[in-house]
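*Asks:* Can you look at this prediction? I've put the sequence above it.
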Protein chains: 2
Amino acid sequence: MPEEKLRRQQSGRANASPTLEDVAQRAGVSTATVSRCLNAPERVSEATRKQVLEAVNLLGYAPNFGARALAAKRTDTFGAIIPTMENAIFARGLQAFQEELEQNGITLLVSSSSYSPQLEEKQIRALIARGADALLLIGHDRTPQSYALLESKGIPHVIAWSIDHSIPRTSIGFDNRKAMRMLAEEILKLGHRELAVISAPQDGNDRARERCQGVIDALIQYDLNPADLPIIETPYSISNGADAFQTLFQSRNRPTAVLCGNDVLAAGALSRARELGLRVPEDISITGFDDIEIAQIVSPGLTTVHVPHRKMGMHAARLLVAMRNGEYGETPAESLELPATITWRDSLGPVALRETKDLPQDR
Amino acid sequence: MPEEKLRRQQSGRANASPTLEDVAQRAGVSTATVSRCLNAPERVSEATRKQVLEAVNLLGYAPNFGARALAAKRTDTFGAIIPTMENAIFARGLQAFQEELEQNGITLLVSSSSYSPQLEEKQIRALIARGADALLLIGHDRTPQSYALLESKGIPHVIAWSIDHSIPRTSIGFDNRKAMRMLAEEILKLGHRELAVISAPQDGNDRARERCQGVIDALIQYDLNPADLPIIETPYSISNGADAFQTLFQSRNRPTAVLCGNDVLAAGALSRARELGLRVPEDISITGFDDIEIAQIVSPGLTTVHVPHRKMGMHAARLLVAMRNGEYGETPAESLELPATITWRDSLGPVALRETKDLPQDR
DNA sequence: TTGTAAGCGTTATCAG
DNA sequence: CTGATAACGCTTACAA
């Protein structure tokens, strides 16, 4: 293939990236040496290394990703598929995830599934096709095909934002059900008996489902009838939260406390409450979930469940890197449960006395 | 290389993706035909196409990205580098950008530069190395090396969120200066004379700089002295906005209206104002910029500059696709300026009478 | 320590 | 319409 070299030199291809070959030639060594010099510098003599690096800088050489991926069978690229980028729910966690990956020289590809398992499956396929070495996924609900895909391609993956010890699949997150139950219990402790929930659609969203279940758990513990719990499902958005709140408020059994599946919904509920002339928490209590920035700037501040965003992101990254490096062999790494706590602000208060008198009790 | 084929068949490599070769064999055609069948179906006969597709499905074939990139010299991947993912400033625009790209079969890679030109340069390098066909960038401030890189590699790119007709570089966005000036004029029209600004750090952020300049423009038009305008620079975050507000409020020349460089800062300012027992807008007016969701849920709602997020994202995507397809040749596409408007809510009101009396006028 | 050369899985050119 | 076959740019045994 001298023919090739010739072409390269003859035509002064001004506008094309230099290749390993170019660098090798310029440095007077073989392409293999240049490659080594870049990937395993310690295996090259001081002297030649200097020469090579000089040539690299001179030519402004940057390796061709496709070629490298093809030859090395790894891309140093991880993927993350989150349900949404529209609000900040996953932003902090993702940021931490990325920071940690960067430390390891790994690039992150992000895409969002819009809470659709079908779309997620497509994204998984796309990321794998793109050579993602490992994947970060949110929650456990996805199509069987998605899992099959991951399995058959042997792609390391961890699931964040949820935890399920009963599944042989490494997840890292917190117990949504327990967390919400904890919050619901606090609400019940404050005397509330007429609760209501505004949740994200539970179908295809185990976090939402678990959170609802947590409320029910608490109800049962207090000998209340879960069947009486109004639950409105609506996609995460401020205005949806507002509308749901209004529906709840205008229903026959007006709740004294509204638990929202996340802070965005709660912020919407809060603002509608104000518009309706209600005082929070004097007239009605509202709680959130996630503890994102929005929770502290609404007024009153949102009492909410604090989620360990950054920790999840960081640990997920470390775990995934280890898995990719084969440190766990074939067996999935053990799952890690992080604690979720309650952040107290002012949107939750004791039930108003007149409320408990005016309205019929649950049982 | 029958040797190769042998190996493939002998060792029952359970866990490896099938290749074009495998499909070709299974369908009884050449790899070239399979490739065509996938990339230009119309150039293959109905019959063979059916056979090939069957084999593809049977084997669960998915093309190898690296190989494809290497051979085709394009990845169908675009990159976007935004200053931050922490808050929702760029979320809507990016979402629209992605949706439009998806229509064109293009995958989006996103990374964030944390408002650092140095980091951005690194990201640009990384995205190019990864084979990004084109790039979306925010604002005009970046290192000369970044531009050099883009130029030398001939990577199509457009700049969003800013517009600068004086530069031979295609940008798509709105006039930050004009928009902020418009808002400032409204504020002045309402009788305010003691303005103050809370801005993001102007260094390396042309949007922030232009917005500040816009306020100054308005001041000048009203014969006020720009030198008297207090400007506090602080990174975008709720708490920073709050702190900056307090500093401003406790200074000798208490402003009657505080213009914030974005909604996040404004939300922080608003909440601190409340904590300090101030009524907005009766005691003090506060405005934002961006019109993200947060602007409508704080109370009072934020009067702010509405930015055409989705339009920018969509147009940027279309433009970039066209550029990648060579529809503009060597010349950069013309820039596109979109209008920014004011969204009126309640955080801005006429200056209180006593205020203008109590405090000394500007001049 | 360094060089040689065989792939890696596609695409694209060019005959047939 | 289809099939050989030469790139594409890099990594990695294997030799030297």
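*Replies:* Sure, I can see it.
*Asks:* just the strands in chain A please.
*Replies:* A:77-82, A:107-112, A:134-138, A:157-160, A:171-173, A:195-199, A:231-233, A:257-260, A:285-287, A:304-306, A:336-337, A:341-343 (DSSP state E).
*Asks:* Quick one: closest of the ones you listed to chain B.
*Replies:* Comparison of the strands of chain A against chain B by C-beta to the nearest C-beta identifies strand A:107-112 as nearest, at 5.3 Å. The way it works is simple: take the backbone N, C-alpha and C, and place the C-beta from them, glycine included.
*Asks:* strands paired with the closest one, and their directions?
*Replies:* strand A:77-82 (parallel) (DSSP bridges).
*Asks:* Quick one: name the residues of the stretch 1-150 of chain A near DNA strand C.
*Replies:* Contact residues, the stretch 1-150 of chain A versus DNA strand C (C-beta under 7 Å from any atom of the strand): A:28-33, A:36, A:43-45, A:47-49, A:67, A:70-71.
*Asks:* Can you name the residue of the stretch 101-250 of chain A nearest DNA strand C?
*Replies:* residue A:129 (9.2 Å; C-beta to the nearest atom of the strand).
*Asks:* So chain A: which segments form each domain?
*Replies:* Following automatic domain parsing, one gets these domains for chain A: A:3-63, A:76-174+A:308-339, A:176-307+A:344-358.
*Asks:* just checking, residue A:226 touches residue A:219?
*Replies:* Yes: under the criterion of C-beta atoms under 8 Å, residue A:226 makes contact with residue A:219 at 5.0 Å.
*Asks:* which of those two has more neighbours?
*Replies:* Neighbour tally, residue A:226 and residue A:219, criterion other C-beta atoms under 10 Å in any protein chain shown: the higher count belongs to residue A:219, 22 against 14.
*Asks:* The more buried one contacts residue A:230, correct?
*Replies:* No: counting by C-beta under 8 Å, residue A:219 sits too far from residue A:230 to count as a contact (11.9 Å).
*Asks:* Around residue A:282, count how many other residues there are.
*Replies:* Residue A:282 has 12 neighbours, counted by other C-beta under 10 Å.
*Asks:* just residue A:105 next, same as before
*Replies:* With other C-beta under 10 Å as criterion, residue A:105 counts 9.
*Asks:* residues in the stretch 151-300 of chain A within reach of DNA strand D, list them.
*Replies:* Residues of the stretch 151-300 of chain A lying near DNA strand D (C-beta under 7 Å from any atom of the strand): none found.
*Asks:* how about the residues of the stretch 151-300 of chain A near chain B?
*Replies:* Applying C-beta under 8 Å from any C-beta of the partner chain, we find that the stretch 151-300 of chain A lies next to chain B at A:152-154, A:237-238, A:267-268, A:270-271, A:274, A:293-294, A:296-299.
*Asks:* now with 10 Å?
*Replies:* Counting by C-beta under 10 Å from any C-beta of the partner chain, the stretch 151-300 of chain A comes close to chain B at A:151-154, A:237-239, A:241-242, A:264, A:267-268, A:270-272, A:274-275, A:292-294, A:296-300.
*Asks:* Give me the buried entries from the residues you listed.
*Replies:* Among those, those buried by neighbour count (16 or more other C-beta atoms under 10 Å in any protein chain shown) are A:153, A:237-238, A:241-242, A:264, A:267-268, A:270-272, A:274, A:292-294, A:296-300.
*Asks:* Beta-bridge partners for residue A:336, please?
*Replies:* As for beta bridges, residue A:336 partners with residue A:172 under DSSP bridges.
*Asks:* any idea how far residue A:155 is from it?
*Replies:* 20 Å (C-beta to C-beta, to the nearest Å).
*Asks:* before we move on, back to that, now do the shared contacts for residue A:219 and residue A:230.
*Replies:* Common neighbours of residue A:219 and residue A:230, counting by C-beta atoms under 10 Å, 6 or more residues apart in numbering or on different chains, are residue A:195.
*Asks:* returning to that earlier point: residues near the residue of the stretch 101-250 of chain A closest to DNA strand C, how many?
*Replies:* 16.
*Asks:* What pLDDT is listed against it?
*Replies:* In this model, residue A:129 is scored at 79, pLDDT.
*Asks:* and it, what does it touch?
*Replies:* A:153, B:17, B:62-65, B:68, B:107.
*Asks:* In ChimeraX, how would I select the buried members of those?
*Replies:* In ChimeraX syntax, the buried subset of the contacts of residue A:129 is picked out as below (16+ other C-beta under 10 Å):
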select /A:153 /B:17,63,64,65,68,107
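*Asks:* Distance-wise, check residue A:238 relative to DNA strand D.
*Replies:* Residue A:238 sits 48 Å away from DNA strand D, going by C-beta to the nearest atom of the strand, to the nearest Å.
*Asks:* I misspoke; the intended subject was residue A:327.
*Replies:* Counting by C-beta to the nearest atom of the strand, the gap from residue A:327 to DNA strand D is 18 Å.
*Asks:* Distance check, that residue against residue B:211.
*Replies:* In terms of C-beta to C-beta, residue A:327 sits 49 Å off from residue B:211.
*Asks:* Would you mind telling me which of these two has more residues around it?
*Replies:* Counted by other C-beta under 10 Å, residue A:327 and residue B:211 do not tie: residue B:211 has more neighbours, with 27 against 10.
*Asks:* Which per-residue confidence value corresponds to the more buried one?
*Replies:* At residue B:211, the pLDDT value in this model is 98.
*Asks:* Same question for residue A:332.
*Replies:* 74.
*Asks:* That one reaches residue A:154, doesn't it?
*Replies:* No: applying C-beta atoms under 10 Å, one finds residue A:332 not in contact with residue A:154, separated by 11.9 Å.
*Asks:* between the domains of chain A, which one is nearest to residue B:321?
*Replies:* Nearest of those to residue B:321, taken as C-beta to C-beta: domain A:76-174+A:308-339 at 17.5 Å.
*Asks:* Leaving out chain neighbours, which residue sits closest to residue A:310?
*Replies:* residue A:96 (4.0 Å; C-beta to C-beta, 6 or more residues apart in numbering or on different chains).
*Asks:* Just to check, the one you found is in contact with residue A:172?
*Replies:* No: if you go by C-beta under 10 Å, residue A:96 and residue A:172 don't touch, sitting 12.0 Å apart.
*Asks:* shared neighbours of these two, which are they?
*Replies:* With C-beta under 10 Å, 6+ apart as the test, residue A:96 and residue A:172 both reach A:308, A:311-317.
*Asks:* nearest to residue B:288, of those residues?
*Replies:* Comparing the shared contacts of residue A:96 and residue A:172 against residue B:288 with C-beta to C-beta picks out residue A:313 as the nearest, at 28.5 Å.
*Asks:* Done for today, thanks.
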